[in-house]
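**Student:** only geometry, no sequence info:
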């Protein structure tokens, strides 16, 4: 009897092992099929791209000067952190017509190496980003200097110039033009996904021709994503970025006035990046209210600037609705070579919870001051356009609108239908 019982156990164990082995094999097969599907899609897009180039050949770049026109000029995506910029950038990156650069102002590019490029992926940290076919900085690899760092990148790019709109900044312009020229020399159209450009969109509009897209997200969604990471993961990175900007940035006079109005200009200035990081973390822990006010002020001004100067305003929440996707498709018609599929975008519209009233007060106050202080891009230089302050809850504008909307877009009243999705930075 004992031998029969033991034999039965052995048979069951052997069966369980075979089932486990089949499960592992099926998962591997599923992964390989998915990989083959992506490769087939990429090959199909490559064939379509080559056919487009055959019919409409691009003039080869013979100099380091980039070529700008309606069909080949660069595409600039301006967004705050945690607004879905990685998702939108990756849509362009998946098309062979484009050479899409990820966060060209990221501080890591000052020292990045080939090994660091290879290791920086969507799964190497709890990013919440969509799956990527290549590491974030893959497009920068040919531009790396022998000792590390992207050629032309300078220390001031990430934060020192964040609020500089009224100076020429030739080093910044030369760096960006070198990236555009690199893409054009490869016969591709440059696309840039920024998280550090909204405070200087006026400079971009003046010095960098192309199509400018303002990717926006409601302030409460930005704050909830950044603050939530600090609470659940102990990740202070996104909460401290506005403080680092205040600690290290130069400012146009009208931006200094805006910050002074919000009682944020007295924050001490630091030039050392390491010291600024330590001070920002200390302030965020010691004075959470200051961190919240800085977050609202920096991103509200960036939202106002990007909406004022962009060709297209793209609220990320609206892309989770069929109405928003149709509106965006109409806005982008004729600007790009391909129609991008946004059907998997499902970023939720945030509604206030208990305890978030303080942030909303700071956010709406900052929006009102930003709307009042930003210079009119069509008026005399350096003269702010004074207008009536915005209401605390502004009337929503079009879902995907052209430049210079009459009011800043509020997403609190955007169409419903979005489901929670991974929140990209």
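**Tutor:** Cool, the structure landed. Model, not experiment: these values are computed from the prediction.

**Student:** Pick out the residue nearest the middle of the chain.
**Tutor:** The centroid of the chain falls nearest to residue 85 when counting by CA atoms, centre = their mean (2.9 Å).

**Student:** mind checking pLDDT for it?
**Tutor:** Among the per-residue scores, residue 85 shows a pLDDT of 93.

**Student:** I'd guessed it sits against residue 195; true?
**Tutor:** Yes: counting by CB atoms under 8 Å, residue 195 is a contact partner of residue 85 at 5.7 Å. Placement of C-beta: from N, CA and C, glycine included.

**Student:** Tell me where the model's unsure across the stretch 201-350 of the chain.
**Tutor:** Along the stretch 201-350 of the chain, no part satisfies pLDDT under 70.

**Student:** what are the ranges of the strands in it?
**Tutor:** For the stretch 201-350 of the chain, the strands defined by DSSP state E, counting those that start in this stretch cover 211-216, 312-315.

**Student:** Dump the ones you listed into TSV; add mean neighbour count and distance to residue 203 as well.
**Tutor:** Converted to TSV, the strands of the stretch 201-350 of the chain look like this (neighbours: other CB atoms under 10 Å; distance: least, CB to CB, whole Å):
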stretch	mean neighbour count	distance to residue 203
strand 211-216	26	11
strand 312-315	26	18
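
**Student:** Turn those into a markdown table, columns for distance to residue 170.
**Tutor:** As requested, these are exported to a markdown table (distance: least, CB to CB, whole Å):
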| stretch | distance to residue 170 |
| --- | --- |
| strand 211-216 | 20 |
| strand 312-315 | 28 |
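
**Student:** Residue 279 is nearest to which of these?
**Tutor:** strand 211-216 (29.0 Å; CB to CB).

**Student:** partners of the closest one, with directions?
**Tutor:** strand 75-78 (parallel), strand 312-315 (parallel) (DSSP bridges).

**Student:** so which of these gets nearest residue 294?
**Tutor:** strand 75-78 (19.7 Å).

**Student:** Can you name the next helix or strand after that closest one?
**Tutor:** Moving toward the C-terminus from strand 75-78, the next helix or strand (DSSP states H and E) is helix 85-93.

**Student:** So which elements touch that next one?
**Tutor:** Contacts defined by 3 or more CB pairs under 8 Å, 6 or more residues apart in numbering; DSSP states H and E place helix 85-93 against strand 75-78, strand 98-102, strand 189-194, strand 211-216.

**Student:** what sits up against that helix?
**Tutor:** Residues from elsewhere that reach helix 85-93 (CB atoms under 8 Å, 6 or more residues apart in numbering): 75, 77, 79, 98, 100, 102, 122, 127, 129-130, 132-133, 191, 193-195, 213, 215, 314, 316, 340-342, 345, 422, 424-425.

**Student:** got JSON lines for the strands paired with strand 211-216, with distance to residue 242 too?
**Tutor:** Putting the strands paired with strand 211-216 into JSON lines (distance: least, CB to CB, whole Å) gives the following:
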{"stretch": "strand 75-78", "distance to residue 242": "16"}
{"stretch": "strand 312-315", "distance to residue 242": "21"}
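
**Student:** residue boundaries of the helices in the chain?
**Tutor:** 2-55, 85-93, 114-119, 170-185, 201-207, 219-232, 237-248, 253-261, 273-286, 288-309, 322-332, 357-373 (DSSP state H).

**Student:** Return the distance of the last one from the chain's centre.
**Tutor:** Translated: helix 357-373. Between the centre of helix 357-373 and the centre of its chain there are 22 Å (CA atoms, centre = their mean, to the nearest Å).

**Student:** Flag every buried residue along it.
**Tutor:** By neighbour count on 16 or more other CB atoms under 10 Å, the buried set for helix 357-373 is 359-360, 362-373.

**Student:** In a markdown table: those, plus distance to residue 201 and pLDDT.
**Tutor:** Compiled in a markdown table, the buried residues of helix 357-373 are given as follows (distance: CB to CB, whole Å; pLDDT from 0 to 100):
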| residue | distance to residue 201 | pLDDT |
| --- | --- | --- |
| 359 | 23 | 96 |
| 360 | 24 | 96 |
| 362 | 22 | 97 |
| 363 | 19 | 97 |
| 364 | 21 | 96 |
| 365 | 21 | 96 |
| 366 | 16 | 97 |
| 367 | 16 | 96 |
| 368 | 19 | 95 |
| 369 | 17 | 96 |
| 370 | 12 | 95 |
| 371 | 15 | 91 |
| 372 | 17 | 91 |
| 373 | 15 | 91 |
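
**Student:** Name the nearest of these relative to residue 180.
**Tutor:** Distance to residue 180, by CB to CB, is smallest for residue 370 among the buried residues of helix 357-373, at 29.3 Å.

**Student:** burial count for residue 139?
**Tutor:** As a burial measure, residue 139 scores 24 neighbours (other CB atoms under 10 Å).

**Student:** which non-adjacent residue is nearest it?
**Tutor:** Residue nearest to residue 139 in three dimensions, not counting chain neighbours: residue 101, with 5.3 Å by CB to CB, 6 or more residues apart in numbering.

**Student:** Pull the number of nearby residues for the one you found.
**Tutor:** Neighbourhood size, residue 101 [other CB under 10 Å]: 27.

**Student:** Nearest approach to residue 143 belongs to which of the helices of the chain?
**Tutor:** Here helix 170-185 is closest among these (CB to CB), at 6.5 Å.

**Student:** Show me how far the closest one is from its chain's centre.
**Tutor:** 19 Å.

**Student:** Ok, stretch 345-360 next?
**Tutor:** The chain centroid and the centroid of stretch 345-360 are separated by 20 Å, computed with CA atoms, centre = their mean.

**Student:** what do you get for stretch 361-379?
**Tutor:** That offset, for stretch 361-379, works out to 22 Å (CA atoms, centre = their mean).

**Student:** and what of stretch 187-197?
**Tutor:** Averaging C-alpha positions (CA atoms, centre = their mean) puts stretch 187-197 10 Å from its chain's average.

**Student:** Between the two ends of that stretch, how far is it?
**Tutor:** One end of stretch 187-197 sits 26 Å from the other (CA to CA, to the nearest Å).

**Student:** Now it: buried residues?
**Tutor:** By 16+ other CB under 10 Å, the buried positions in stretch 187-197 come out as 187-197.

**Student:** need those in JSON lines with pLDDT and distance to residue 139, can you?
**Tutor:** Formatted as JSON lines, the buried residues of stretch 187-197 follow (pLDDT from 0 to 100; distance: CB to CB, whole Å):
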{"residue": "187", "pLDDT": "92", "distance to residue 139": "14"}
{"residue": "188", "pLDDT": "94", "distance to residue 139": "10"}
{"residue": "189", "pLDDT": "94", "distance to residue 139": "13"}
{"residue": "190", "pLDDT": "96", "distance to residue 139": "9"}
{"residue": "191", "pLDDT": "97", "distance to residue 139": "9"}
{"residue": "192", "pLDDT": "98", "distance to residue 139": "10"}
{"residue": "193", "pLDDT": "97", "distance to residue 139": "11"}
{"residue": "194", "pLDDT": "97", "distance to residue 139": "14"}
{"residue": "195", "pLDDT": "96", "distance to residue 139": "16"}
{"residue": "196", "pLDDT": "97", "distance to residue 139": "17"}
{"residue": "197", "pLDDT": "98", "distance to residue 139": "17"}
